[in-house]
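S.K.: coordinates only, sequence not included:
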C-alpha cells in the first residue's frame with residue numbers, strides 16, 4: 001500500500017472539511033472508513049462527488065480515501081468533490097484546464113447566514129398580529 005504514489009488534498013464547503021487521498025487502484029471510494037454508497041445514501045450526493053472523476057475520465061483507475069467532518073451530508077459531498085478535484089490537479093497538471101472550466105476548483109462561498117436579533121431566524125420575522 002505504501003509503495004503506491006499518493007496525492008493529498010483538502011476540500012471545503014459550508015462547515016464541512018474533507019481530507020482526500022488519491023492513489024491508483026480499481027475505482028474504490030471509501031468515506032470515513034465506510035463504503036461510498038453506505039455513507040452517502042442520496043443518489044444526488046453520489047453524483048456530485050463523481051463529477052470531477054468523470055471530467056478527468058478516471059472513475060475506474062483511482063482509489064479514493066476520504067476523511068470528512070463537519071456540516072451535513074450535502075455540504076460534505078461538496079467538500080469531497082472539491083478535494084477530489086484539487087487532488088486530481090496535483091496528480092496531473094494537464095487536467096487543470098478541464099476541471100477549472102467545469103468549476104470544481106472554486107470553493108463554494110455560500111454559507112449559513114447568522115441569526116439576527118428581533119427575528120426568529122436570519123430573515124424570518126415573528127407572526128404579525130394586527131389586533
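M.R.: Cool, the structure landed. Just so it is clear, the model here is predicted, and its values are computed rather than measured.
S.K.: am I right that residue 11 is in a strand?
M.R.: Yes: the assignment for residue 11 by DSSP: H, G, I helix; E, B strand; the rest coil puts it in a strand.
S.K.: that one against residue 20, yeah?
M.R.: Yes: contact criterion C-beta atoms under 8 Å: residue 11 and residue 20 qualify, at 6.2 Å. C-beta: built from backbone N, CA, C; applies to glycine.
S.K.: how about residue 74: what's its closest non-neighbour residue?
M.R.: residue 45 (6.4 Å; C-beta to C-beta, 6 or more residues apart in numbering).
S.K.: in contact with the one you found, which residues?
M.R.: 73-74, 77 (C-beta atoms under 8 Å, 6 or more residues apart in numbering).
S.K.: does it belong to a helix, a strand or coil?
M.R.: With three-state DSSP as the basis, residue 45 sits in helix.
S.K.: now pLDDT and neighbour count too, for the contacts of residue 45, in CSV please.
M.R.: Below are the contacts of residue 45 laid out as CSV (pLDDT from 0 to 100; neighbours: other C-beta atoms under 10 Å):
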residue, pLDDT, neighbour count
73, 94, 14
74, 94, 16
77, 96, 25
